[in-house]
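[1] the following block contains a protein sequence and its predicted model.
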Number of protein chains: 2
Amino acid sequence: MPHGSATDWDNTARRALKAAGHRAGGARGAVVSLLGRQSCCLSAHEISDELHKSGSDVGMASVYRALELLHEMGLVQRVEFGEGVARFEPVTPGGEHHHHAVCDRCGRVTPFEDARLERHLDRLAGDLRHSMSGHDLVIHGECRRCARS
Amino acid sequence: MPHGSATDWDNTARRALKAAGHRAGGARGAVVSLLGRQSCCLSAHEISDELHKSGSDVGMASVYRALELLHEMGLVQRVEFGEGVARFEPVTPGGEHHHHAVCDRCGRVTPFEDARLERHLDRLAGDLRHSMSGHDLVIHGECRRCARS
DNA sequence: TTGTTTGCAAACCTTTTGCACGTTA
DNA sequence: TAACGTGCAAAAGGTTTGCAAACAA
(Lines give C-alpha, C1' and ligand atoms only; values in the text may rest on other atoms or scores of the structure.)
Protein backbone atom coordinates (compact mmCIF):
# COMPACT_ATOMS: atom_id res chain seq x y z
CA MET A 1 0.00 0.00 0.00
CA PRO A 2 1.64 3.24 -1.11
CA HIS A 3 2.15 5.91 1.49
CA GLY A 4 -0.54 8.55 1.51
CA SER A 5 -3.17 6.54 -0.30
CA ALA A 6 -6.57 6.03 1.25
CA THR A 7 -7.06 2.61 2.72
CA ASP A 8 -10.08 0.36 2.43
CA TRP A 9 -11.10 1.17 5.92
CA ASP A 10 -10.63 4.87 5.33
CA ASN A 11 -13.00 4.72 2.35
CA THR A 12 -15.53 2.57 4.14
CA ALA A 13 -15.53 4.84 7.16
CA ARG A 14 -15.96 8.01 5.13
CA ARG A 15 -18.81 6.50 3.17
CA ALA A 16 -20.53 5.34 6.33
CA LEU A 17 -20.10 8.75 7.94
CA LYS A 18 -21.50 10.55 4.94
CA ALA A 19 -24.42 8.13 4.74
CA ALA A 20 -25.21 8.89 8.37
CA GLY A 21 -25.11 12.62 7.70
CA HIS A 22 -21.75 13.33 9.26
CA ARG A 23 -18.88 15.30 7.78
CA ALA A 24 -15.36 14.03 7.77
CA GLY A 25 -13.23 17.11 7.34
CA GLY A 26 -10.99 18.73 9.92
CA ALA A 27 -10.39 16.85 13.12
CA ARG A 28 -12.67 13.92 12.43
CA GLY A 29 -11.17 13.39 9.00
CA ALA A 30 -7.66 13.46 10.41
CA VAL A 31 -8.57 10.77 12.93
CA VAL A 32 -10.12 8.64 10.20
CA SER A 33 -7.03 8.96 8.03
CA LEU A 34 -4.70 8.05 10.84
CA LEU A 35 -6.77 5.08 12.00
CA GLY A 36 -6.95 3.86 8.43
CA ARG A 37 -3.19 3.50 8.42
CA GLN A 38 -3.09 1.41 11.61
CA SER A 39 -3.09 -2.33 11.82
CA CYS A 40 -3.29 -2.42 15.59
CA CYS A 41 -4.64 -0.31 18.38
CA LEU A 42 -3.79 3.22 19.47
CA SER A 43 -4.76 5.15 22.57
CA ALA A 44 -6.45 8.53 22.28
CA HIS A 45 -3.26 10.11 23.52
CA GLU A 46 -1.16 8.35 20.90
CA ILE A 47 -3.59 9.46 18.21
CA SER A 48 -3.39 13.06 19.36
CA ASP A 49 0.43 12.93 19.47
CA GLU A 50 0.63 11.40 16.03
CA LEU A 51 -1.66 14.04 14.56
CA HIS A 52 0.30 16.85 16.13
CA LYS A 53 3.50 15.43 14.69
CA SER A 54 2.03 15.66 11.22
CA GLY A 55 0.88 19.21 11.81
CA SER A 56 -2.80 18.71 12.57
CA ASP A 57 -3.44 20.47 15.84
CA VAL A 58 -6.45 18.46 16.84
CA GLY A 59 -7.80 18.85 20.36
CA MET A 60 -8.14 15.86 22.64
CA ALA A 61 -11.87 16.38 22.90
CA SER A 62 -12.24 16.09 19.14
CA VAL A 63 -10.21 12.89 19.12
CA TYR A 64 -12.48 11.39 21.75
CA ARG A 65 -15.59 12.62 19.98
CA ALA A 66 -14.46 11.14 16.69
CA LEU A 67 -13.61 7.84 18.34
CA GLU A 68 -16.93 7.74 20.13
CA LEU A 69 -18.82 8.28 16.91
CA LEU A 70 -16.79 5.71 14.99
CA HIS A 71 -17.26 3.26 17.81
CA GLU A 72 -21.02 3.77 17.87
CA MET A 73 -21.08 3.14 14.15
CA GLY A 74 -19.18 -0.08 14.58
CA LEU A 75 -16.17 1.22 12.68
CA VAL A 76 -13.70 1.02 15.51
CA GLN A 77 -13.26 -1.47 18.29
CA ARG A 78 -12.35 -0.40 21.75
CA VAL A 79 -9.95 -2.57 23.73
CA GLU A 80 -8.40 -2.26 27.16
CA PHE A 81 -5.40 -4.06 28.55
CA GLY A 82 -5.77 -3.21 32.19
CA GLU A 83 -3.55 -0.14 32.33
CA GLY A 84 -6.46 2.26 32.64
CA VAL A 85 -6.22 3.47 29.07
CA ALA A 86 -8.65 2.69 26.28
CA ARG A 87 -7.24 1.75 22.90
CA PHE A 88 -8.96 1.92 19.57
CA GLU A 89 -8.49 0.10 16.33
CA PRO A 90 -10.27 0.06 12.99
CA VAL A 91 -12.70 -2.76 12.40
CA THR A 92 -11.71 -4.11 9.02
CA PRO A 93 -14.50 -4.30 6.46
CA GLY A 94 -13.63 -7.85 5.45
CA GLY A 95 -14.20 -8.99 8.99
CA GLU A 96 -10.67 -10.17 9.61
CA HIS A 97 -9.99 -9.89 13.23
CA HIS A 98 -7.03 -10.14 15.50
CA HIS A 99 -6.41 -10.50 19.19
CA HIS A 100 -3.75 -9.23 21.56
CA ALA A 101 -1.03 -10.74 23.69
CA VAL A 102 0.16 -8.16 26.20
CA CYS A 103 3.50 -8.33 27.97
CA ASP A 104 2.93 -7.34 31.57
CA ARG A 105 6.60 -6.57 31.92
CA CYS A 106 7.45 -4.33 28.98
CA GLY A 107 3.98 -3.47 27.74
CA ARG A 108 4.57 -4.78 24.24
CA VAL A 109 1.38 -5.74 22.41
CA THR A 110 1.60 -8.65 20.00
CA PRO A 111 -1.38 -8.98 17.70
CA PHE A 112 -2.27 -12.41 16.40
CA GLU A 113 -5.06 -14.08 14.53
CA ASP A 114 -6.44 -17.55 14.33
CA ALA A 115 -9.28 -18.63 12.09
CA ARG A 116 -10.14 -21.66 14.18
CA LEU A 117 -10.51 -19.47 17.23
CA GLU A 118 -12.92 -17.22 15.36
CA ARG A 119 -15.06 -20.16 14.31
CA HIS A 120 -15.00 -21.46 17.83
CA LEU A 121 -16.19 -18.12 19.17
CA ASP A 122 -19.04 -17.94 16.69
CA ARG A 123 -20.19 -21.31 17.86
CA LEU A 124 -19.85 -20.34 21.51
CA ALA A 125 -21.87 -17.15 21.08
CA GLY A 126 -24.53 -19.15 19.27
CA ASP A 127 -24.70 -21.64 22.11
CA LEU A 128 -25.14 -18.79 24.58
CA ARG A 129 -27.83 -17.20 22.39
CA HIS A 130 -25.79 -14.02 22.69
CA SER A 131 -25.36 -11.98 19.55
CA MET A 132 -21.77 -11.01 18.87
CA SER A 133 -21.03 -7.56 17.51
CA GLY A 134 -17.40 -7.83 18.50
CA HIS A 135 -15.05 -9.65 20.78
CA ASP A 136 -11.57 -9.39 22.07
CA LEU A 137 -9.22 -11.81 23.66
CA VAL A 138 -6.33 -10.57 25.74
CA ILE A 139 -3.53 -12.88 26.75
CA HIS A 140 -1.47 -11.60 29.65
CA GLY A 141 2.02 -12.86 30.30
CA GLU A 142 5.56 -12.20 29.18
CA CYS A 143 6.57 -11.66 25.62
CA ARG A 144 9.24 -13.72 23.91
CA ARG A 145 11.88 -11.13 24.64
CA CYS A 146 11.11 -10.60 28.33
CA ALA A 147 10.61 -14.29 29.04
CA ARG A 148 14.18 -14.92 27.93
CA SER A 149 15.75 -12.68 30.55
CA MET B 1 -22.49 -23.89 50.14
CA PRO B 2 -24.10 -22.65 53.36
CA HIS B 3 -24.39 -18.95 53.89
CA GLY B 4 -21.62 -17.49 56.00
CA SER B 5 -19.16 -20.32 55.60
CA ALA B 6 -15.68 -19.69 54.30
CA THR B 7 -15.21 -20.68 50.70
CA ASP B 8 -12.31 -22.54 49.18
CA TRP B 9 -11.00 -19.37 47.68
CA ASP B 10 -11.40 -17.53 50.96
CA ASN B 11 -9.26 -20.13 52.71
CA THR B 12 -6.68 -20.25 49.98
CA ALA B 13 -6.38 -16.49 49.90
CA ARG B 14 -6.00 -16.15 53.65
CA ARG B 15 -3.36 -18.84 53.74
CA ALA B 16 -1.46 -17.20 50.90
CA LEU B 17 -1.66 -13.80 52.57
CA LYS B 18 -0.41 -15.15 55.86
CA ALA B 19 2.39 -17.03 54.13
CA ALA B 20 3.47 -13.78 52.50
CA GLY B 21 3.47 -11.99 55.85
CA HIS B 22 0.23 -10.09 55.40
CA ARG B 23 -2.64 -9.81 57.79
CA ALA B 24 -6.23 -10.31 56.77
CA GLY B 25 -8.30 -8.59 59.40
CA GLY B 26 -10.28 -5.39 59.01
CA ALA B 27 -10.71 -4.00 55.53
CA ARG B 28 -8.58 -6.55 53.71
CA GLY B 29 -10.35 -9.42 55.39
CA ALA B 30 -13.73 -7.99 54.50
CA VAL B 31 -12.74 -7.76 50.84
CA VAL B 32 -11.45 -11.33 50.90
CA SER B 33 -14.69 -12.60 52.44
CA LEU B 34 -16.83 -10.78 49.94
CA LEU B 35 -14.78 -11.87 46.94
CA GLY B 36 -14.87 -15.43 48.18
CA ARG B 37 -18.63 -15.39 47.85
CA GLN B 38 -18.56 -14.17 44.24
CA SER B 39 -18.64 -16.34 41.19
CA CYS B 40 -18.18 -13.46 38.78
CA CYS B 41 -16.59 -10.06 38.73
CA LEU B 42 -17.27 -6.96 40.81
CA SER B 43 -16.02 -3.40 40.42
CA ALA B 44 -14.26 -1.64 43.27
CA HIS B 45 -17.30 0.54 43.68
CA GLU B 46 -19.63 -2.45 43.87
CA ILE B 47 -17.37 -4.04 46.46
CA SER B 48 -17.38 -0.90 48.57
CA ASP B 49 -21.18 -0.61 48.32
CA GLU B 50 -21.66 -4.23 49.24
CA LEU B 51 -19.40 -3.92 52.26
CA HIS B 52 -21.16 -0.81 53.46
CA LYS B 53 -24.50 -2.56 53.16
CA SER B 54 -23.28 -5.25 55.52
CA GLY B 55 -21.99 -2.69 57.97
CA SER B 56 -18.27 -2.71 57.19
CA ASP B 57 -17.33 0.89 56.57
CA VAL B 58 -14.33 0.19 54.44
CA GLY B 59 -12.70 3.09 52.63
CA MET B 60 -12.31 3.03 48.87
CA ALA B 61 -8.55 3.27 49.20
CA SER B 62 -8.48 0.10 51.27
CA VAL B 63 -10.59 -1.72 48.73
CA TYR B 64 -8.18 -0.76 45.98
CA ARG B 65 -5.17 -1.62 48.08
CA ALA B 66 -6.58 -5.03 48.93
CA LEU B 67 -7.41 -5.70 45.30
CA GLU B 68 -3.99 -4.61 44.17
CA LEU B 69 -2.30 -6.95 46.62
CA LEU B 70 -4.55 -9.89 45.74
CA HIS B 71 -3.96 -9.23 42.09
CA GLU B 72 -0.18 -9.14 42.52
CA MET B 73 -0.40 -12.45 44.32
CA GLY B 74 -2.37 -13.94 41.49
CA LEU B 75 -5.44 -14.44 43.64
CA VAL B 76 -7.73 -12.15 41.69
CA GLN B 77 -8.06 -11.50 38.02
CA ARG B 78 -8.72 -8.06 36.69
CA VAL B 79 -11.06 -7.70 33.74
CA GLU B 80 -12.37 -4.71 31.81
CA PHE B 81 -15.32 -4.52 29.53
CA GLY B 82 -14.63 -1.19 27.91
CA GLU B 83 -16.69 1.02 30.18
CA GLY B 84 -13.69 2.51 31.90
CA VAL B 85 -14.15 0.53 35.10
CA ALA B 86 -11.98 -2.33 36.25
CA ARG B 87 -13.65 -5.45 37.57
CA PHE B 88 -12.15 -8.07 39.81
CA GLU B 89 -12.90 -11.70 40.38
CA PRO B 90 -11.36 -14.48 42.45
CA VAL B 91 -9.05 -16.84 40.62
CA THR B 92 -10.29 -20.27 41.60
CA PRO B 93 -7.65 -22.55 43.11
CA GLY B 94 -8.58 -25.44 40.84
CA GLY B 95 -7.74 -23.36 37.83
CA GLU B 96 -11.21 -23.41 36.35
CA HIS B 97 -11.65 -20.33 34.32
CA HIS B 98 -14.53 -18.52 32.74
CA HIS B 99 -15.02 -15.79 30.21
CA HIS B 100 -17.60 -13.04 29.79
CA ALA B 101 -20.29 -12.14 27.33
CA VAL B 102 -21.34 -8.53 27.87
CA CYS B 103 -24.63 -7.08 26.71
CA ASP B 104 -23.92 -3.64 25.33
CA ARG B 105 -27.56 -2.75 25.76
CA CYS B 106 -28.43 -3.70 29.33
CA GLY B 107 -24.95 -4.33 30.70
CA ARG B 108 -25.70 -7.88 31.79
CA VAL B 109 -22.60 -10.04 32.09
CA THR B 110 -22.97 -13.71 31.23
CA PRO B 111 -20.05 -15.84 32.34
CA PHE B 112 -19.28 -18.98 30.38
CA GLU B 113 -16.58 -21.59 30.18
CA ASP B 114 -15.30 -23.91 27.55
CA ALA B 115 -12.54 -26.43 28.02
CA ARG B 116 -11.74 -26.63 24.33
CA LEU B 117 -11.24 -22.90 24.22
CA GLU B 118 -8.78 -23.10 27.10
CA ARG B 119 -6.76 -25.79 25.35
CA HIS B 120 -6.81 -23.77 22.19
CA LEU B 121 -5.49 -20.73 24.02
CA ASP B 122 -2.67 -22.70 25.60
CA ARG B 123 -1.62 -23.83 22.17
CA LEU B 124 -1.87 -20.32 20.75
CA ALA B 125 0.26 -18.80 23.47
CA GLY B 126 2.81 -21.54 22.91
CA ASP B 127 2.91 -20.80 19.21
CA LEU B 128 3.50 -17.13 19.96
CA ARG B 129 6.23 -17.99 22.48
CA HIS B 130 4.34 -15.75 24.88
CA SER B 131 3.96 -17.02 28.40
CA MET B 132 0.40 -16.85 29.68
CA SER B 133 -0.22 -15.83 33.28
CA GLY B 134 -3.85 -15.09 32.56
CA HIS B 135 -6.24 -14.30 29.80
CA ASP B 136 -9.71 -13.00 29.28
CA LEU B 137 -12.09 -13.13 26.43
CA VAL B 138 -14.93 -10.64 26.17
CA ILE B 139 -17.78 -11.11 23.76
CA HIS B 140 -19.72 -7.95 23.04
CA GLY B 141 -23.24 -8.04 21.68
CA GLU B 142 -26.77 -8.38 22.91
CA CYS B 143 -27.88 -10.86 25.51
CA ARG B 144 -30.66 -13.35 24.93
CA ARG B 145 -33.21 -11.09 26.58
CA CYS B 146 -32.31 -7.87 24.74
CA ALA B 147 -31.90 -9.53 21.36
CA ARG B 148 -35.53 -10.66 21.56
CA SER B 149 -36.97 -7.15 21.75
C1' DT C 1 -28.53 31.20 7.30
C1' DT C 2 -28.64 27.00 9.90
C1' DG C 3 -26.95 23.14 11.76
C1' DT C 4 -22.49 20.75 12.48
C1' DT C 5 -17.87 20.54 14.17
C1' DT C 6 -14.04 22.22 16.78
C1' DG C 7 -10.87 23.75 20.62
C1' DC C 8 -10.46 25.21 25.11
C1' DA C 9 -11.26 24.87 29.77
C1' DA C 10 -13.74 23.02 33.30
C1' DA C 11 -16.00 19.08 35.17
C1' DC C 12 -16.19 14.22 36.13
C1' DC C 13 -14.86 9.66 37.53
C1' DT C 14 -11.92 6.11 38.64
C1' DT C 15 -7.77 5.00 40.76
C1' DT C 16 -3.55 6.16 43.44
C1' DT C 17 -0.95 8.43 47.04
C1' DG C 18 0.40 11.08 51.41
C1' DC C 19 -0.23 11.10 55.95
C1' DA C 20 -1.73 10.70 60.63
C1' DC C 21 -4.18 7.49 63.37
C1' DG C 22 -5.30 2.66 64.84
C1' DT C 23 -4.12 -2.10 65.21
C1' DT C 24 -1.60 -6.31 65.58
C1' DA C 25 2.31 -9.26 66.37
C1' DT D 1 7.42 -1.01 70.52
C1' DA D 2 7.78 -1.50 65.69
C1' DA D 3 5.77 -2.79 61.61
C1' DC D 4 1.68 -3.04 59.28
C1' DG D 5 -3.03 -1.64 57.90
C1' DT D 6 -6.75 1.83 57.57
C1' DG D 7 -9.47 6.00 56.51
C1' DC D 8 -9.61 10.48 54.92
C1' DA D 9 -8.56 13.90 51.87
C1' DA D 10 -5.94 15.39 48.16
C1' DA D 11 -3.75 14.32 43.82
C1' DA D 12 -3.33 12.18 39.48
C1' DG D 13 -4.56 10.44 35.47
C1' DG D 14 -8.00 9.58 31.52
C1' DT D 15 -12.39 10.88 29.53
C1' DT D 16 -16.53 13.79 28.92
C1' DT D 17 -19.08 18.06 28.61
C1' DG D 18 -20.42 23.18 28.21
C1' DC D 19 -19.79 26.76 25.43
C1' DA D 20 -18.58 30.18 22.11
C1' DA D 21 -16.14 30.54 17.83
C1' DA D 22 -15.24 28.46 13.23
C1' DC D 23 -16.91 25.92 9.52
C1' DA D 24 -19.68 23.66 5.86
C1' DA D 25 -24.01 22.80 3.38
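    Great, that's in hand.
[2] now do the end-to-end distance for stretch A:137-145.
    Stretch A:137-145 has an end-to-end distance of 21 Å (CA to CA, to the nearest Å).
[3] and that stretch, which residues are buried?
    A:137-143 (16 or more other CB atoms under 10 Å in any protein chain shown). The C-beta positions use only the backbone N, C-alpha and C, and glycine is treated the same way.
[4] what's the spacing between A:Ala86 and B:Glu72?
    The gap separating A:Ala86 from B:Glu72 is 23 Å, by CB to CB, to the nearest Å.
[5] re earlier: state the pair within the buried residues of stretch A:137-145 that is farthest apart.
    A:Leu137 and A:Glu142 (17.3 Å; CB to CB).
[6] quick one: mean pLDDT over stretch A:76-95.
    The average pLDDT within stretch A:76-95 is 90.
[7] cool, and stretch A:51-65?
    The model assigns stretch A:51-65 a mean pLDDT of 96.
[8] ok, and what's touching it?
    A:26-28, A:30-31, A:34, A:44-45, A:47-48 (CB atoms under 8 Å, 6 or more residues apart in numbering or on different chains).
[9] ok, now with 7 Å
    Contact with stretch A:51-65 is made by A:27, A:30-31, A:34, A:44, A:47-48, as judged by CB atoms under 7 Å, 6 or more residues apart in numbering or on different chains.
[10] any idea how far the nearest residue to A:Ala20 once chain neighbours are set aside lies from A:His130?
    Nearest residue to A:Ala20 in three dimensions, chain neighbours excluded: A:Met73, at 6.6 Å (CB to CB, 6 or more residues apart in numbering or on different chains). According to CB to CB, A:Met73 stands 21 Å off from A:His130.
[11] kindly report the same for A:Ile139.
    A:Ile139 is 22 Å from A:His130, by CB to CB.
[12] still on that earlier bit, so A:Ala86 and B:Glu72 - more neighbours on which side?
    A:Ala86 (20 against 10; other CB atoms under 10 Å in any protein chain shown).
[13] list the contacts for the more buried one?
    A:Ala86 makes contacts with A:43-44, A:78, A:80, B:84, as judged by CB under 7 Å, 6+ apart.
[14] the helix or strand bottoming out on mean pLDDT in chain A near chain B anywhere?
    Least confident helix or strand, chain A: helix A:144-148 with a mean of 88, by mean pLDDT, DSSP states H and E. Yes - judged by CB under 7 Å from any CB of the partner chain, helix A:144-148 and chain B are in contact via A:144, A:147.
[15] what of stretch A:33-47?
    No - contact of stretch A:33-47 with chain B (CB under 7 Å from any CB) is absent, the minimum separation being 11.9 Å.
[16] counting neighbours, which bits of that stretch end up buried?
    Using 16+ other CB under 10 Å as the test for burial, stretch A:33-47 gives A:33-38, A:41-44, A:46-47.
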